[in-house]
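Enquirer: What shape does this take:
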Amino acid sequence: MSRTHRALLLVALAQLAIGAAAVFARFALTASGPLAVSAARLTIGALPLLVLAALRGRLRPVDGPTERRLAIAGLLLAAHFAFWIASLDFASVALSTLLVCSSAIWTEAYAVLLRGRVDPYAAISVLGALAGVAIVVGVPDRVNTPLGIGLAIAGAVAIAAYLIVVRATDARYDTLAVTSRTYSYAAIALIVAAAIAHDHLPPSGDLRAWGGILAMALFSQLFGHTALNAAVRVFSATFVSTATLLEPVTAAALAAWLFGERLGATTAAGAVVILASIGVALRGEARDESSSVAAKNVDAP
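Expert: Purely as a prediction, here's the structure:
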């Protein structure tokens with residue numbers, strides 16, 4: 001299996017893991033605040049990576065600017081989780097997941113600023129995927145408040161910035177080196193924020209809340225987000241962000257099953273639109289890769 005195919009498989013599996021995070025968060029929030037839940041999630045997710053990175057020598061600083069870049073990325077990751085998990089108290093799982101997955105808009109907006117033009121493949125894929133998610137989610141209702149919508153969008157902007165920063169990381173830092181740092185920095189920032197806000201953890205005997213936190217940490221964070229960190233070193237931040245728009249399909253289906261949230265008959269149609277849009281994005285990635293290879297061949301002596 002080629003490097004590109006492995007990265008695609010990681011992106012696909014990550015959508016299942018991360019798509020379930022909103023449901024896990026709902027269980028966690030029954031007995032705790034969003035900052036404490038986010039801090040616990042990142043701390044539990046970071047510890048195994050820190051131990052493994054230490055054993056493999058991945059915590060040794062190699063480049064000063066990269067170390068600072070990853071510290072900034074950690075703060076962005078902390079902001080993403082704090083904003084998004086807080087939004088679940090003021091918006092439905094479906095709408096919150098839709099808005100937080102709009103990160104593809106922000107990564108592509110940044111890319112347009114850099115290259116000075118609109119990439120038709122990226123534009124079509126982002127707009128198409130968002131349309132597909134809107135079909136899945138349906139029309140917003142009174143469950144969704146302006147505060148919830150604003151928090152979810154803020155979470156989207158933060159994770160978009162995180163992906164852009166991580167993609168530009170020095171190649172000497174592999175996925176383990178990157179995630180062990182960014183998760184740890186995010187955990188520290190959230191622990192401090194939770195302490196300042198007097199946000200508390202669930203009681204030790206609340207198995208439902210702790211089960212939600214552990215599921216987010218081990219399944220959604222340790223596997224799902226780490227897989228995205230690996231994929232963004234192969235694909236553009238816009239492609240990875242567009243692929244994450246499959247998450248609302250997972251989240252909406254699970255929320256309908258567990259919480260009785262409305263799930264329209266158009267879910268399948270929306271999923272098809274999203275998959276087609278991801279296909280367009282993948283074609284654009286293949287075109288860019290071919291152009292890059294051709295340019296290298298022309299430049300070669």
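
Enquirer: Show me the shaky parts of the stretch 1-150 of the chain.
Expert: The model of the stretch 1-150 of the chain has pLDDT under 70 over residues 1, 93-94, 133, 136-144.

Enquirer: where do the strands sit along it?
Expert: When assigned using DSSP state E, counting those that start in this stretch, the stretch 1-150 of the chain turns out to have no strands.

Enquirer: Helices along that one, start to end?
Expert: 3-19, 21-28, 34-55, 64-87, 93-100, 103-115, 120-137, 146-167 (DSSP state H, counting those that start in this stretch).

Enquirer: For the fourth one, buried residues please.
Expert: What it means is helix 64-87. Using 16 or more other Cβ atoms under 10 Å as the test for burial, helix 64-87 gives 66, 69-71, 73-87. To be clear about C-beta, it is placed using only N, CA and C from the backbone, and glycine gets the same treatment.

Enquirer: now for it, which elements pack on it?
Expert: Under the contact criterion of 3 or more Cβ pairs under 8 Å, 6 or more residues apart in numbering; DSSP states H and E, helix 64-87 touches helix 34-55, helix 93-100, helix 146-167, helix 175-196.

Enquirer: between the ones you listed, which one is nearest to A269?
Expert: Nearest to A269, of all the helices and strands packed on helix 64-87, is helix 93-100, at 15.3 Å by Cβ to Cβ.

Enquirer: got any ranges where the stretch 151-300 of the chain has weak pLDDT?
Expert: Looking at the stretch 151-300 of the chain by pLDDT under 70, you get 241, 243-268, 270-272, 274-275, 278-279, 281-300.

Enquirer: how about 50 then?
Expert: 293-300 (pLDDT under 50).

Enquirer: Against A53, how distant is S180?
Expert: 4 Å (Cβ to Cβ, to the nearest Å).

Enquirer: do W106 as well
Expert: 29 Å.

Enquirer: how near is the closest residue to I191 other than its chain neighbours to A109?
Expert: Leaving out its chain neighbours, the residue that sits closest to I191 by Cβ to Cβ, 6 or more residues apart in numbering is A39, at 4.7 Å. Separation of A39 from A109 (Cβ to Cβ) stands at 30 Å.

Enquirer: Settle it for me: which of those two has more neighbours?
Expert: A39 (28 against 14; other Cβ atoms under 10 Å).

Enquirer: was I right about the more buried one contacting A187?
Expert: Yes: A39 lies in contact with A187 (Cβ atoms under 8 Å); the separation is 6.2 Å.

Enquirer: if we can go back for a sec, contacts only, for the residue nearest to I191.
Expert: Going by Cβ atoms under 8 Å, 6 or more residues apart in numbering, A39 touches A187, L190, I191, A193, A194, D199.

Enquirer: what do you get if the cut-off is 6 Å, keeping everything else the same?
Expert: L190, I191, A194 (Cβ atoms under 6 Å, 6 or more residues apart in numbering).

Enquirer: Put together a markdown table for these, with distance to V11 and neighbour count on each row.
Expert: Below are the contacts of A39 laid out as a markdown table (distance: Cβ to Cβ, whole Å; neighbours: other Cβ atoms under 10 Å):
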| residue | distance to V11 | neighbour count |
| --- | --- | --- |
| L190 | 26 | 29 |
| I191 | 30 | 19 |
| A194 | 31 | 22 |
